[in-house]
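Engineer: quick one: sequence and predicted model below, then my questions.
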Amino acid sequence: MKKLIIILLIIATTLNITACGNSENAQYTSEEYLPESDDQANITYRRNFVEGKTGYYFYDPMGYIQYYDFETKKTHILCNNPECSHEDEQCNAYSGGATLRYAEGDLYYVAAEYPAGDFYFWKKSGDGSKTEKLFFLFRLEEGEMEISSTLFCIHRGYVYYFLDVTEEDNIPVLYRRKLEKNAKAEVLETLEIETESYFEVYGCGTKIYYIVDNYAKENAHMEIRSYDIVSGEKSVEIESMGRAESYYFYRDKMYYTKEQDILERELKSGEEKVILSGEFSESVFVHADDKYLYFDNSRDIEERLEPLEHIAEKMKEWYQDRKVYIYDKETLQQVNVLSIPTETFADFNVTSNYLFLSIVDEEFRILDKNTLTNENPEWVRIYSPLD
Ligand SMILES: [Zn+2]
């Protein structure tokens, strides 16, 4: 059911990416995480914002890209044309996509052209001044639904993505393409079992990590596989994470929950250890940065909301209980509990200097991480459609 909820959210709002540049760059063979060109996977859910070098980019409810400048602490629409009223598709800030990825100064997204319903992969410069249609992805015929291309990752000059509905029998395929105009698609893998689907793709160092979910299996089966961008070799990294467990990629590490345990895994070596066990009575989503671990109880609220007919009446009430438990990564002691009362689903994310909250169709807020251990750290609104 968690998968379904995620898919619904994706259909509602999404398309995503992360980015890279010149694949001849020698740095691209580095096994280390490169913040400018490797995937920004601290965005795990709706993927409607990214962190650039000097600010955030995010979608407003109308599909225009807004930019929050770290220095001026102001948000403006990503359009520098003084003649523009920012009201139609001609506006530089318009994308028509729903998720966004960033790499090396540029933005990437998937968006359709209507009435044909052809989906293309787009690139936009970080100042909004230049928009380029890179290549065609797929066409949606009437009644067809394609969901997975929304989960893509940009890594070291390529986009890695999967398509679930293709002309050939609904077999999901994992592809990659160079971030160039008219780049050809390379097939990296085709799933063989009809009940398997791709679920997430992340790039760090010389490897692309992706999750294959077999939803027909009794005690399911989220498997993590990898693709080595240098050797082309594919491996199974984790054979079974169970179903609907929370996972989080942070640079060269992965954190995930397994029953009562929270595990930390070094992606490169595959070494992993239990860092907390039996700590929470609620289901939590795990997030991380260099200093802290964050455990968000919205997962518990989602599980309570799962019988969909209860959503309307209960959602408001339950989201008032929303909390994020903050732990020091070194001592593994709880340092604070952040209360995040909202009336609806809000996507909590951890970025370099701020915590970031996007509230569905409403507003965006940030919280300075330097204030995290204060008694009442303050969320600051950086955008509202009413502003
Ligand atoms: Zn404009």
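Structural biologist: Arrived safely. Because the structure is a prediction, the values reported are computed rather than measured. Numbers count the residues shown, from 1 in each chain.

Engineer: residue numbers of this structure in contact with the ion?
Structural biologist: Contact residues (C-beta under 5 Å from the ion) of the chain with the ion: 79, 84, 86, 91. C-beta here means a position set from N, CA and C on the backbone, and glycine is covered the same way.

Engineer: in the stretch 151-300 of the chain, what residue spans correspond to strands?
Structural biologist: Remark: strands assigned in the stretch 151-300 of the chain by DSSP state E, counting those that start in this stretch are 153-155, 158-163, 173-178, 186-190, 196-204, 207-214, 222-228, 234-238, 247-250, 253-258, 261-266, 272-277, 285-288, 292-296.

Engineer: in three-state terms, how would the most far-flung residue of the chain relative to its centre be classified?
Structural biologist: What lies farthest from the middle of the chain is Glu83; by C-alpha atoms, centre = their mean that is 33.9 Å. Using DSSP: H, G, I helix; E, B strand; the rest coil, the structure places Glu83 in coil.

Engineer: try Asn374
Structural biologist: Using three-state DSSP, the structure places Asn374 in coil.

Engineer: and stretch 260-280, what's buried?
Structural biologist: 262-265, 267, 272, 275-276 (16 or more other C-beta atoms under 10 Å).

Engineer: out of the residues you listed, who's nearest Tyr256?
Structural biologist: Tyr256 has its nearest neighbour among those in Leu263, at 5.5 Å by C-beta to C-beta.

Engineer: residue contacts, that closest one?
Structural biologist: 255-257, 272-275 (C-beta atoms under 8 Å, 6 or more residues apart in numbering).

Engineer: make it 7 Å
Structural biologist: Counting by C-beta atoms under 7 Å, 6 or more residues apart in numbering, Leu263 makes contact with 255-256, 272-275.

Engineer: hang on, Ala111 packs against Trp122?
Structural biologist: Yes - using C-beta atoms under 7 Å, Ala111 is in contact with Trp122, at 5.8 Å.

Engineer: and for the two, which residues touch both?
Structural biologist: Here Ala111 and Trp122 share the contacting residues 95, 97, scored by C-beta under 7 Å, 6+ apart.

Engineer: what stretches of this structure score poorly on pLDDT?
Structural biologist: Low-confidence segments of the chain (pLDDT under 70): 1-27, 41-46, 143, 145-150, 165-170, 217-220, 242-244, 306-312.

Engineer: domain map for it?
Structural biologist: 1-244, 246-387 (automatic domain parsing).

Engineer: how about stretch 366-375: buried residues?
Structural biologist: Of the residues in stretch 366-375, those buried (16+ other C-beta under 10 Å) are 366-367, 369, 372.

Engineer: make CSV from those residues and add distance to Val187 to it.
Structural biologist: CSV is the format used below for those (distance: C-beta to C-beta, whole Å):
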residue, distance to Val187
Ile366, 40
Leu367, 43
Lys369, 41
Leu372, 44
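
Engineer: widest-spaced pair of the residues you listed?
Structural biologist: Ile366 and Leu372 (12.3 Å).

Engineer: and the residue lying closest to Lys291 once chain neighbours are set aside, how far is that from Asp261?
Structural biologist: Excluding the flanking residues, the one nearest Lys291 by C-beta to C-beta, 6 or more residues apart in numbering is Lys329, at 5.8 Å. For Lys329, the distance to Asp261 equals 16 Å [C-beta to C-beta, to the nearest Å].

Engineer: now for Phe119: which residues touch it?
Structural biologist: Residues in contact with Phe119 (C-beta under 7 Å, 6+ apart) are 110, 112, 137-138, 149.

Engineer: tell me which element the residue of the stretch 101-250 of the chain found nearest the ion is part of?
Structural biologist: Nearest residue of the stretch 101-250 of the chain to the ion: Gly128, at 8.1 Å (C-beta to the ion). Assigned by DSSP states H and E, Gly128 belongs to no helix or strand.

Engineer: how about Tyr57?
Structural biologist: strand 55-59.

Engineer: please name the strands paired to that strand in the sheet, noting orientation.
Structural biologist: Neighbouring strands of strand 55-59 in its sheet, by DSSP bridges, are strand 49-51 (antiparallel), strand 65-69 (antiparallel).

Engineer: any idea which of those strands is most buried?
Structural biologist: Of all the strands paired with strand 55-59, strand 49-51 has the most neighbours on average by mean count of other C-beta atoms under 10 Å, namely a mean of 24.

Engineer: so which residues make contact with that strand?
Structural biologist: For strand 49-51, the external contacting residues (C-beta under 7 Å, 6+ apart) are 40, 43, 56-58, 100-102, 351-352, 356, 358.

Engineer: and if we set it to 8 Å?
Structural biologist: By C-beta under 8 Å, 6+ apart, strand 49-51 touches 18, 40, 42-43, 56-59, 100-102, 107, 349, 351-352, 356, 358, 364.

Engineer: so among those, which ones count as buried?
Structural biologist: Members of those classed as buried by 16+ other C-beta under 10 Å are 18, 40, 42-43, 56-59, 100-102, 107, 349, 351, 356, 358, 364.

Engineer: which of those residues fall within strands?
Structural biologist: Using DSSP state E, 56-59, 101-102, 107, 349, 356, 358, 364 are the members of those that sit in strands.

Engineer: how about Ile229, what does it touch?
Structural biologist: Shown in contact with Ile229 (C-beta under 8 Å, 6+ apart): 28, 155-156, 158, 203, 206-208.
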